[in-house]
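Enquirer: could you work out the structure for the sequence below:
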Amino acid sequence: KEAREDMGACFETKERLLQLVTLAEQDTWLALGLMFHLSILPLTRQLTNLSGFQWTKVLRGGRAQRIEYLLLHEFHQKKFMVPDRKAGNLKDGQSGKRGKAQFAGGLVLEPKCGLYDDVVMMLDFNSLYPSIIQEYNICWTTQNHLHAAETAEEGGDGGPALSLEGLTGGVVSGEDLAVLPSVIRRLVLRRRQVKALLKEERDESKKQQLDIRQQALKLTANSMYGCLGFSASRFCAKPLAELVTAQGREILQNTANLAEQTLGLEVVYGDTDSIFVNTRSKDIREVKMKGAQLRKEVNKRYKMLEIEIDAIYERLLLLKKKKYAGVKLGGELELKGV
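Expert: Reported below is the predicted structural model:
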């Protein structure tokens, strides 16, 4: 109420009205500057081109609807009939923000808290959930008992949770991929091509354009998994989302077991798609050799999943889950949750 009264007072004299106009103009220029700094127009244009959605709605942040339209185009091209939206689903103009997940998410390994003077490596899976979908050909069209695995409230009969054995396709070639993994595969391959061009490009203007394009491809690919667990999505399939996260937990645990039992390393922490490994060494050359060995052993188990060395910490203070501070190789300080 006070703000409305203050606004009304600005129209009492020409000086105050001019001040109001000046402040409004400044706010407009700040918003415009922020838009150019974040490359909002070219980025949203690329997102629009990828999804086939309306640019005006992409500008309003409709991520769930972008993914829905991308999948609608794909299903239509492959001659599938898609389900109608359920009552209460996402309406135009809503951004598609989600609340707390209603099923188990990523695995968090219990941290071995303390100060580590030996070098600690963090290894990270590249785009874990999209890679799992490709690795195991997870899709609505490859699951025989999807409807039965849903709860009674969601229209199913409350049957058992899905498993990889319930899929009609296992690890397959790119030509045999179902709809969802094939879309993700195409986005990933296009991003690799764009990044290769970006690496060779010398013109700064073209480099910026290519960088925006690869950002749009990355954002879209990483958002594909979200449509499975988002209740307002036309393509919501929580049993599939649970299957993906369950595989993610198993993969992280298997990776930790491989590091400790096979290679004799100490895993001091792990979270969803990354593990922290105490190398018990201060020799950087030896550390990198151990990291390369672990990376090779993990990656040879999968076709689409890849783990990479994301960071090397000369010293690491591990406080508790999601809270640590580390000095990276080269002296850079990294703080998480502290």
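Enquirer: next, the contact list for Leu107, please.
Expert: 248-249, 252-253, 270-272 (Cβ atoms under 8 Å, 6 or more residues apart in numbering). C-beta here means a position set from N, CA and C on the backbone, and glycine is covered the same way.
Enquirer: buried subset of those residues?
Expert: 248, 252, 270-272 (16 or more other Cβ atoms under 10 Å).
Enquirer: just send those residues back as TSV, with secondary structure, pLDDT and distance to Lys336 too.
Expert: Formatted as TSV, the buried ones among the contacts of Leu107 follow (DSSP: H, G, I helix; E, B strand; the rest coil; pLDDT from 0 to 100; distance: Cβ to Cβ, whole Å):
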residue	secondary structure	pLDDT	distance to Lys336
Gly248	helix	94	20
Leu252	helix	96	18
Gly270	strand	95	14
Asp271	strand	94	10
Thr272	coil	92	13
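Enquirer: ok, back up a step: okay, the contacts of Leu107 in JSON lines with distance to Gln214 next?
Expert: Below are those laid out as JSON lines (distance: Cβ to Cβ, whole Å):
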{"residue": "Gly248", "distance to Gln214": "24"}
{"residue": "Arg249", "distance to Gln214": "29"}
{"residue": "Leu252", "distance to Gln214": "27"}
{"residue": "Gln253", "distance to Gln214": "32"}
{"residue": "Gly270", "distance to Gln214": "28"}
{"residue": "Asp271", "distance to Gln214": "26"}
{"residue": "Thr272", "distance to Gln214": "23"}
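Enquirer: that older thread, for Leu41, state which of the buried ones among the contacts of Leu107 is nearest.
Expert: Comparing the buried ones among the contacts of Leu107 against Leu41 with Cβ to Cβ places Thr272 closest, at 32.8 Å.
Enquirer: from Gly331, how far out is the closest one?
Expert: Going from Thr272 to Gly331 by Cβ to Cβ, to the nearest Å gives 28 Å.
Enquirer: buried ones in the helix or strand containing Glu314?
Expert: Using DSSP states H and E, Glu314 sits in strand 307-320. Buried residues in strand 307-320, counted by 16+ other Cβ under 10 Å: 307, 309, 311-314, 316-318.
Enquirer: out of these, which is nearest to Ile184?
Expert: For the buried residues of strand 307-320, the residue nearest Ile184 by Cβ to Cβ is Ile307; the value is 18.2 Å.
Enquirer: what bridges to the closest one?
Expert: Ile307 has the following beta-bridge partners by DSSP bridges: Phe125.
Enquirer: list the contacts for it?
Expert: Residues counted as contacts of Ile307 (Cβ under 8 Å, 6+ apart) are 123-126, 255, 294-295, 298-299.
Enquirer: let's see that with 7 Å instead.
Expert: In this structure, Ile307 makes contact with 123-125, 255, 295, 298-299, judged by Cβ atoms under 7 Å, 6 or more residues apart in numbering.
Enquirer: any weak-confidence spans in this structure?
Expert: Low-confidence segments of the chain (pLDDT under 70): 1-5, 87-102, 144-175.
Enquirer: roughly how far does the residue positioned nearest the centre of it sit from Leu187?
Expert: Nearest to the mean C-alpha position of the chain, counting by Cα atoms, centre = their mean, stands Asn222 at 3.9 Å. Asn222 sits 9 Å away from Leu187, going by Cβ to Cβ.
Enquirer: gap between the residue nearest to Glu334 when sequence neighbours are not counted and Cys113?
Expert: Leaving aside its chain neighbours, Glu334 sits nearest to Gly326 (5.1 Å; criterion: Cβ to Cβ, 6 or more residues apart in numbering). From Gly326 across to Cys113, the span is 13 Å (Cβ to Cβ).
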